[in-house]
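> generate coordinates for the sequence data below:
(chains A, B, C and D)
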Number of protein chains: 2
Amino acid sequence: MASPSHDSSRLDNTLAVIRTLRDRGPVARVDLGTLNGISSATVTSISAELLHQGLITELPPDTPRPNGRGRPKTLIQLAPEAACVICIKLSINELQLVVGDYAGQMQHSEHHAIDTLALTADELIALLEEKIAEVRSTALASHRRLVGICLAVQGVVSSHSGTLIWSPALRFRNAPLSALLAERFDCPVLLENDANCIASVLAAQPAYAGYPNLVVIMLGYGIGMSVLIDGVPFLGANGSAAEFGHSKYQPGGALCACGKRGCIEAYTSDYALYRAASDVIELPAGDSAHPSEPQMQALTQLALQGHPEAVRIFAEAGRALGYGMANLLALFNPDLVLITGSGVRGFTAMHDAMQDAISEALVTELIGPTRIASCPWDRDMTCLGGIAITLQATDPQLLMGST
Amino acid sequence: MASPSHDSSRLDNTLAVIRTLRDRGPVARVDLGTLNGISSATVTSISAELLHQGLITELPPDTPRPNGRGRPKTLIQLAPEAACVICIKLSINELQLVVGDYAGQMQHSEHHAIDTLALTADELIALLEEKIAEVRSTALASHRRLVGICLAVQGVVSSHSGTLIWSPALRFRNAPLSALLAERFDCPVLLENDANCIASVLAAQPAYAGYPNLVVIMLGYGIGMSVLIDGVPFLGANGSAAEFGHSKYQPGGALCACGKRGCIEAYTSDYALYRAASDVIELPAGDSAHPSEPQMQALTQLALQGHPEAVRIFAEAGRALGYGMANLLALFNPDLVLITGSGVRGFTAMHDAMQDAISEALVTELIGPTRIASCPWDRDMTCLGGIAITLQATDPQLLMGST
DNA sequence: GGTATTTATTTTAGTGTCTAAATTAAATGT
DNA sequence: ACATTTAATTTAGACACTAAAATAAATACC
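Model prediction:
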């Protein structure tokens, strides 16, 4: 219950300094002090230590910087080569591998088209081992060590235990991925939900700072969500919190990929939209259960141009989204809901029906002050987020280890 | 973003000691050390200070206690008279006033039958001022000072700003209650949701320890909920989070007291059950929009005894509750859901339909490890919780003030 | 009954971390 | 050249914690 503090303040302050440097690039010692509420004497002491460990470097004093009167600031920055992490994004039919440096920047990225639904658990592990080993050997040429690996997976994961519980990209379930890879590569392997990775990146952006309760909804092949409370993803008991896509719109309603009926996802996801449309509209050929990006763009265009059936389908999707959102507002009362993911392409066509549904569902007192906004989709955000999360998680060990 | 620690560890440790004493009664210094992970030298130092301030006392050494070998433990305990708090529970047609001592025990309790729905905001404030003033004068005869007042209200409150946003017990809205009373009585006035008060009490019970993500649902005239994450109520942006009663079961469904349709409350609350029943069953006379406890008990008896219409109505309520619960499981993934409130009297009659609805709504992966249990209803829990919350909130000032 | 043993509490000595203030460093302005 | 400004470092001191030693207060055993 109660569990107070020993003297962990040096570690806390060091981590805060590193985090500030990672979030904002080169910063001077004075500013590190004011930003983190510590004296510059302490910053001097901390940075001396980090300099000694090779985790940071001073920028050469001749670097162009805004000068005024007085002694110029000496900016310090994280040493990119001090460490690296590998992030693997696993989504339906695609594997993305990315190398991030100690400053959190993406150094290398590669995509592989994989028939993920055909893989067994063992085949997936073998594939991951192979790809990671390749990427690692090149990464280690320019970085001192590999401090962590992140698996960013669409679906339900138990971050704490490192077990993949269920993913729409895979046929098998309950696979303890982290443990096996951690042993093979001798470093921590984090298993993260893709939406949490994306949300972490968005939350760090200045535009979305100052929203302590942030909900991020990802529209796409499925519907993902992340709830950040003071910047920390809310995970729940076993990591399967924030499964917005499978919260209910209509008991006994449309069939969802999960096998149940009436989920928001069964109305608002790519496959749901395409399924509803292919009955009544002539659309590009292809796998209608797993519509491709061009297929979805064609459908979305129809809706945006006013095709009556397409308009109706997107409105119904928006209505389901709105009812789901009403539950979010009632239960989480967030400061901000951000809607992103590849499915934002059609958000304009859903927006009005969504707003109407929210007003229909909730009295104004319960809608509260929540701001709802959409946000352009950048496919690399997942891995950037995975890198940031992994570096932050492994920093304590890195600091302790090199003492 | 980042905001690390100064040297607040003395305050933290002192608060932890006080909290342990409040939760567990008299404890020896050694045990305070091990329970809180601090050395007993530190406990000696902290308790010397608290003794000096008169906030704790040592128990006389002859007090009967389990003896073994070695020097006997000297138990210390909070001094009840060091301070007091007043907690007022405002619910429909009733006002309860309670005085709590510094050890968190209830010292005095009184109930007043009030036609709350007839009150204007000004009349409520006047009434509260009068009642609080009375109770305070007697409380101050035996306690050194009044450190805080707690208003535990059924409905939506903004704890941070001290504004009552909406309550089913009152006709007016958006009343800044805390500020006015705080000025009048010259002490902090906390505004809390009644469900959060109850949940805090339950979470402190040993039986429910070890559930970091705890959801408490209160069935009764309305439906309340509290989400505790590591023992702390989740409030959201303006305090109106956890409005489970107004999350949706059926778009366009039954009419709710809030004016919208399809809320869980419109199926599962006392008034909803009684409304559904009074159409088809002969029931005791009375205000069917605000059924009394005897009225509800009569109806519940019918369902438990197998009256077909009553059974059907409770099953439908259970189904709505189950669908709502499914959303909770998907979105919060709690370790434990506790169902309490006066409405637990009918929980047995809802249980099976609730479980069926959950299975119908969610795949097992998303139901996860959550345990669902009911818990007997004790009407005094609200004020006990309000006292505990208020003491905990005001302890820092009390410590700083008397330095 | 006296002494050893056990356990609780307090005292002592020492460490780590922080800050304010003083000092040093490195620029610009006049 | 020298005053001014701002940054970074050094110094001196305060606080809080812990481990270990000392003290206190009981029981156990002979």
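> and the longest helix anywhere in chain A, does that touch chain B?
Under DSSP state H, the helix in chain A containing the largest number of residues is helix A:308-332. Yes - judged by C-beta under 8 Å from any C-beta of the partner chain, helix A:308-332 and chain B are in contact via A:323, A:326-328, A:330-332. In short, each C-beta sits where N, CA and C put it, glycine included.
> check stretch A:170-190 too.
Yes - if you take C-beta under 8 Å from any C-beta as the test, stretch A:170-190 does meet chain B, through A:R173.
> buried set for that stretch?
For stretch A:170-190, a neighbour-count test (16 or more other C-beta atoms under 10 Å in any protein chain shown) marks A:170, A:175, A:177-178, A:180-182, A:185, A:187-190 as buried.
> ok now it, how far from the chain's centre?
19 Å (C-alpha atoms, centre = their mean, to the nearest Å).
> and the contacts of that stretch?
A:90, A:116-121, A:124-125, A:128-129, A:132-133, A:136, A:146-151, A:155, A:159, A:161-166, A:191, A:386, A:389-390, A:393-394, A:397, B:365 (C-beta atoms under 8 Å, 6 or more residues apart in numbering or on different chains).
> how far off helix B:308-332 does the longest helix of chain A point, in degrees?
90 degrees (axes from the mean of the first three to the mean of the last three C-alpha atoms, to 10 degrees).
> related to what we said a few turns ago, from the contacts of stretch A:170-190, keep the buried residues only.
A:90, A:116, A:119, A:121, A:124-125, A:128, A:132, A:136, A:146-151, A:155, A:159, A:162-166, A:191, A:386, A:389-390, A:393-394, B:365.
> in helices, which of the residues you listed appear?
A:121, A:124-125, A:128, A:132, A:136, A:386, A:389-390, A:393-394, B:365.
> so what's the nearest residue to A:G253 once chain neighbours are set aside up against?
Distances taken as C-beta to C-beta, 6 or more residues apart in numbering or on different chains place A:G262 nearest to A:G253, at 3.4 Å, with adjacent residues excluded. Going by C-beta under 8 Å, 6+ apart, A:G262 touches A:248-254, A:256, B:361.
> need phi/psi at A:G262.
phi 90, psi 10 (degrees, to the nearest 10).
> kindly report the same for A:V98.
Given degrees, to the nearest 10, the pair of backbone angles that A:V98 has is phi -140, psi 140.
> that one contacts A:G104, correct?
No - applying C-beta atoms under 8 Å, one finds A:V98 not in contact with A:G104, separated by 11.5 Å.
> can you list residues touching both of those two?
A:I387.
> more crowded one of these two?
A:V98 (24 against 21; other C-beta atoms under 10 Å in any protein chain shown).
> and the more buried one, what does it touch?
A:86-89, A:106, A:108-110, A:380, A:383, A:386-387.
> try it again at 7 Å.
A:87, A:106, A:108-109, A:383, A:387 (C-beta atoms under 7 Å, 6 or more residues apart in numbering or on different chains).
> same check, this time on A:L128
A:88, A:181.
> possible to save the contacts of A:V98 as JSON lines with distance to DNA strand C and pLDDT?
Converted to JSON lines, the contacts of A:V98 look like this (distance: C-beta to the nearest atom of the strand, whole Å; pLDDT from 0 to 100):
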{"residue": "A:C87", "distance to DNA strand C": "31", "pLDDT": "98"}
{"residue": "A:M106", "distance to DNA strand C": "32", "pLDDT": "97"}
{"residue": "A:H108", "distance to DNA strand C": "35", "pLDDT": "97"}
{"residue": "A:S109", "distance to DNA strand C": "37", "pLDDT": "97"}
{"residue": "A:C383", "distance to DNA strand C": "33", "pLDDT": "98"}
{"residue": "A:I387", "distance to DNA strand C": "27", "pLDDT": "98"}
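> between the ones in helices among the buried ones among the contacts of stretch A:170-190, which is nearest B:A79?
Proximity of these to B:A79 (C-beta to C-beta) peaks at A:A393, which lies at 44.4 Å.
> that older thread, what two of the contacts of A:G262 are the furthest from one another?
A:A254 and B:A361 (13.5 Å).
> the two: who's more crowded?
Taking neighbours as other C-beta under 10 Å, A:A254 and B:A361 compare with B:A361 leading, 27 against 18.
> run a quick neighbour tally on the residue lying closest to that one once chain neighbours are set aside.
Excluding the flanking residues, the one nearest B:A361 by C-beta to C-beta, 6+ apart is B:A326, at 3.6 Å. Neighbourhood size, B:A326 [other C-beta under 10 Å]: 27.
> who touches B:A326 in this structure?
A:248, B:357-358, B:361-362.
> mind checking pLDDT for A:V17?
As predicted, A:V17 sits at a pLDDT of 98.
> you'd agree it is in a helix?
Yes - per DSSP: H, G, I helix; E, B strand; the rest coil, A:V17 lies within a helix segment.
> list the contacts of it.
Contacts of A:V17 by C-beta under 7 Å, 6+ apart are A:32, A:36, A:43, A:46.
> wait, which of those is closest to A:Y221?
Of the contacts of A:V17, the one sitting nearest to A:Y221 (C-beta to C-beta) turns out to be A:N36, at 40.6 Å.
> just checking, that closest one touches A:A16?
Yes - between A:N36 and A:A16 there is a contact under C-beta atoms under 7 Å: 4.7 Å.
> now do the helices in chain A.
Listed in chain order, the helices of chain A (DSSP H) span A:9-24, A:29-36, A:40-53, A:121-142, A:177-185, A:194-204, A:265-268, A:270-278, A:293-305, A:308-332, A:347-361, A:364-367, A:381-401.
> deepest in the core, which of these is it.
Greatest average neighbour count among the helices of chain A goes to helix A:265-268 (a mean of 28), per mean count of other C-beta atoms under 10 Å in any protein chain shown.
> is that one anywhere near chain B?
No - for helix A:265-268, no contact with chain B is found by C-beta under 7 Å from any C-beta of the partner chain; the gap never falls below 10.8 Å.
> contacts for that helix next, please.
For helix A:265-268, using C-beta under 7 Å, 6+ apart, the contacting residues are A:219, A:222-223, A:245-246, A:249, A:253-257, A:272, A:316-317, A:320-321.
> show me what from the stretch 151-300 of chain A comes close to chain B.
A:156, A:165-166, A:173, A:209, A:213, A:231, A:236-238, A:240-244, A:246-248, A:250-251, A:258-260.
> ok, A:I88 - contacts?
A:95-97, A:128, A:151-152.
> next, format those as JSON lines and append distance to A:D352 and pLDDT.
Formatted as JSON lines, those follow (distance: C-beta to C-beta, whole Å; pLDDT from 0 to 100):
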{"residue": "A:L95", "distance to A:D352": "38", "pLDDT": "96"}
{"residue": "A:Q96", "distance to A:D352": "35", "pLDDT": "97"}
{"residue": "A:L97", "distance to A:D352": "40", "pLDDT": "98"}
{"residue": "A:L128", "distance to A:D352": "43", "pLDDT": "98"}
{"residue": "A:L151", "distance to A:D352": "38", "pLDDT": "98"}
{"residue": "A:A152", "distance to A:D352": "33", "pLDDT": "97"}
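> brilliant, that's me finished.
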